[in-house]
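Trainee: give the three-dimensional model of this entry:
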Amino acid sequence: MKSDNGNTHMNKNNKKRNDTYSVPFIGRLQKAFSESAKAFHESWKNSDRLNHPDLPGQKKTESKNSSRLREISHRLVPEIELNFPVFKNEEYMTESEICVKCHGCCSYVTADIEKPDTAMRREEYKWYLHHRNTEIYIDNEGSWQLLFKTPCNELDENGFCLVYETRPQICRDYSAEYCSRTGKDHTHLFKTPDEMTAYLNETDAAKKKVKKTVRKKKSVNASVKTAKTVKKKSR
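Mentor: The predicted structure is shown next:
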């Protein structure tokens, strides 16, 4: 991705410059899928019925096979770590070269969500975070965002955009000058339900403390006002 300034990703010069670039994450992910699919299929065929504590006659402990299946499922859908590198001699690189070599912004999508100000909404957000490659963060404006770590289907193995001329407007508006590489774009990041719960408990406690302080201050002010009124009447 890049802004409309400078050369496009698909020109010949950029292709030649980036012949030596390492295979991006999406290529490694596809390779991991193909290597793991056969092993997953064989383990599934030979596995016992998966244990489930809520079903009659099921044990609460996992069998070796079900534990193996869980391990393979993690290999099939590995946890993606978003990476936004800063390169040496970057001042001599075009924006197109930076975007092709990084393409971190092409590895996720986000959606606005409401602040978890109700118990039901908090439970819903916990459910989101139980899923792999899903995160929630609070941006620098205080808005809550749901993040899905999933590579764009339109990148080739060298990081070039295959639909560059007709790319979505959000891609056109993005720029290497102010993308995630240039600075932290969130104040809080939650990768697990426990992380979010700990933050919410902390903020709830802080709010209660502030309310208690305000009530105490109002009570003191009311007492002072009453004392002044009594004193004035006694004169």
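Trainee: wait, doesn't residue 161 sit right on residue 155?
Mentor: Yes - at 6.5 Å, residue 161 counts as touching residue 155 under the criterion of Cβ atoms under 8 Å. Bear in mind the C-beta positions are built from the backbone N, C-alpha and C, glycine included.
Trainee: can you list residues touching both of these two?
Mentor: Shared contacts of residue 161 and residue 155 (Cβ atoms under 8 Å, 6 or more residues apart in numbering): residue 106.
Trainee: is residue 203 in a helix, a strand, or coil?
Mentor: helix (DSSP: H, G, I helix; E, B strand; the rest coil).
Trainee: what is the neighbour count of it?
Mentor: Other residues near residue 203 number 11, with proximity taken as other Cβ atoms under 10 Å.
Trainee: now do it, the pLDDT please.
Mentor: Listed pLDDT for residue 203 reads 93.
Trainee: cool, and residue 199?
Mentor: 97.
Trainee: can you count the residues close to the closest residue to it other than its chain neighbours?
Mentor: Using Cβ to Cβ, 6 or more residues apart in numbering and skipping residues adjacent in sequence, the residue nearest residue 199 is residue 188, 6.1 Å away. Neighbours of residue 188 under the rule other Cβ under 10 Å: 14.
Trainee: what lies in contact with the helix or strand hosting residue 188?
Mentor: Taking DSSP states H and E as the definition, one finds residue 188 inside strand 186-190. If you take Cβ under 8 Å, 6+ apart as the criterion, strand 186-190 is touched by 129, 135-140, 142, 145, 196, 199.
Trainee: out of the residues you listed, who's nearest residue 82?
Mentor: residue 135 (8.9 Å; Cβ to Cβ).
Trainee: partners of that closest one in the sheet?
Mentor: Following DSSP bridges, residue 135 is listed with bridge partners residue 147.
Trainee: what about it, distance to residue 148?
Mentor: Distance of residue 135 to residue 148, given as Cβ to Cβ, to the nearest Å: 8 Å.
Trainee: look at the two and report which has more neighbours.
Mentor: residue 135 (22 against 15).
Trainee: contact partners for that one?
Mentor: Taking Cβ under 8 Å, 6+ apart, one finds 129, 146-147, 149, 189-191 in contact with residue 135.
Trainee: same question for residue 130.
Mentor: Neighbours of residue 130 in contact, by Cβ under 8 Å, 6+ apart: residue 193.
Trainee: rewinding a little: if any of the contacts of strand 186-190 are buried, give me the PyMOL selection for them.
Mentor: Under the burial definition 16 or more other Cβ atoms under 10 Å, those of the contacts of strand 186-190 that qualify are selected in PyMOL by:
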select buried, resi 129+135+136+137+138+145+196+199
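Trainee: noted, bye for now.
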